[in-house]
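**Student:** 3D model of this:
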Amino acid sequence: MLTPEKALADLAAHFTPERTAPGMREALRRMIPIAELEPPGVETISDLTLPGPAEPIPVRVWVPFDAAENGAGLVYFHGGGFVIGDIDTHAPLCQRLAAASGVRVVSVNYRKAPEHAFPAAVNDALAAFDAVQEGALAGYGFSPDRLAVGGDSAGGNLAAVIAQHRRGKVAFQLLIYPLLQLLEIERARQPWQEGPLLSREVLTRIRHTYLRSLDDVRDVRVSPLLADDLKGIAPTFLLAAELDPLLNEGAAYADRLAASGVPVERVVINTVPHGFLNMTRILPQATEAIVRAARALDKGLG
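**Tutor:** Below you'll find the predicted structure:
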């Protein structure tokens with residue numbers, strides 16, 4: 001029988017830093033059918049594009065059964081270190097969030113490095129959110145007054161950037177083990193430096209692949225944890241994994257938001273690694289955690 005430990009070790013072998021970006025992208029695509037259970041059904045799933053700064057941005061929209069009548073919607077950004085991942089790899093997660101929350105979800109396929117280095121992903125993320133906020137998805141029931149931003153890992157980074165740069169327009173943010181800074185790779189007093197899918201070596205590779213210049217690490221669009229002013233940011237739910245090199249920076253960001261008067265709920269799921277929400281077949285905690293995040297999203301968009 002395939003144990004969670006053996007399954008995680010097998011998955012980690014596909015994501016070694018020496019792999020090329022195309023090779024890692026293909027490894028992630030192959031991983032999903034192995035690691036994911038079939039998600040619950042939703043009423044409609046639609047593929048379309050939103051206007052972008054360089055080219056149309058592919059997106060996918062999930063409208064759940066009995067979608068919230070208030071037009072609540074989540075603009076979601078997938079993880080993958082700004083290099084891998086796409087709408088398909090994170091489709092089960094997005095569909096689960098929609099089904100469990102009753103909130104419409106749109107997943108954004110932003111441009112990725114190394115083909116498109118910083119700030120391409122940020123520019124696409126901002127453009128996609130602005131388009132939805134200006135009514136591009138009104139036909140799918142999205143209300144400009146009930147928009148959340150969310151994402152996992154690097155996608156959580158993009159969501160945090162949008163929440164900072166679109167204050168007053170974002171109603172809620174859902175951050176899932178977010179990558180909030182690229183300045184410090186060697187974490188001081190961090191109990192888990194090496195996870196099965198994320199390590200110091202991988203973080204270093206992300207930094208050098210995503211950024212054209214290492215001078216950009218202090219840009220708050222790269223490291224939103226370094227922003228001076230966090231007042232007025234939308235209420236936040238932050239889901240963390242205990243066995244994650246990003247655990248401490250998520251805690252630090254939650255503390256800074258709370259100190260700035262932002263309502264924050266932070267939940268740590270024990271004994272699971274970074275990226276575990278994409279492993280519903282391997283880790284039973286994943287489905288439970290998604291439901292918990294979905295309920296927070298529903299409540300936050302009320």
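
**Student:** Flag the shaky bits of the stretch 151-300 of the chain, pLDDT-wise.
**Tutor:** Per-residue confidence of the stretch 151-300 of the chain (counting by pLDDT under 70) places the weak regions at 186-197.

**Student:** Please repeat the previous calculation with a cut-off of 80.
**Tutor:** Per-residue confidence of the stretch 151-300 of the chain (counting by pLDDT under 80) places the weak regions at 185-202.

**Student:** Would you map the strands across it?
**Tutor:** Residue ranges of the strands in the stretch 151-300 of the chain, as given by DSSP state E, counting those that start in this stretch, are 172-176, 236-243, 264-273.

**Student:** So which bits of stretch 210-229 are buried?
**Tutor:** Of the residues in stretch 210-229, those with enough neighbours to count as buried (16 or more other Cβ atoms under 10 Å) are 210, 211, 216, 217, 219, 220, 221, 222, 223, 224, 225, 227. (Glycine included, C-beta is placed from N, CA and C.)

**Student:** how about a markdown table for the residues you listed, with distance to residue 82 added?
**Tutor:** Below are the buried residues of stretch 210-229 laid out as a markdown table (distance: Cβ to Cβ, whole Å):
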| residue | distance to residue 82 |
| --- | --- |
| 210 | 4 |
| 211 | 9 |
| 216 | 12 |
| 217 | 13 |
| 219 | 14 |
| 220 | 16 |
| 221 | 12 |
| 222 | 10 |
| 223 | 13 |
| 224 | 14 |
| 225 | 16 |
| 227 | 19 |
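
**Student:** Just give me the closest of these to residue 294.
**Tutor:** Each of the buried residues of stretch 210-229 was checked against residue 294 using Cβ to Cβ; the closest is residue 224, at 23.6 Å.

**Student:** so what's that closest one closest to, chain neighbours aside?
**Tutor:** The shortest distance from residue 224 to any non-neighbouring residue, by Cβ to Cβ, 6 or more residues apart in numbering, is to residue 160 (4.2 Å).

**Student:** try residue 169
**Tutor:** Excluding the flanking residues, the one nearest residue 169 by Cβ to Cβ, 6+ apart is residue 133, at 5.5 Å.

**Student:** likewise residue 63?
**Tutor:** If you skip the residues right next to it in sequence, residue 63 has residue 44 as its closest partner in space, 4.6 Å away by Cβ to Cβ, 6+ apart.

**Student:** Can you give me every residue that contacts the one you found?
**Tutor:** Counting by Cβ atoms under 8 Å, 6 or more residues apart in numbering, residue 44 touches 61, 62, 63, 140.
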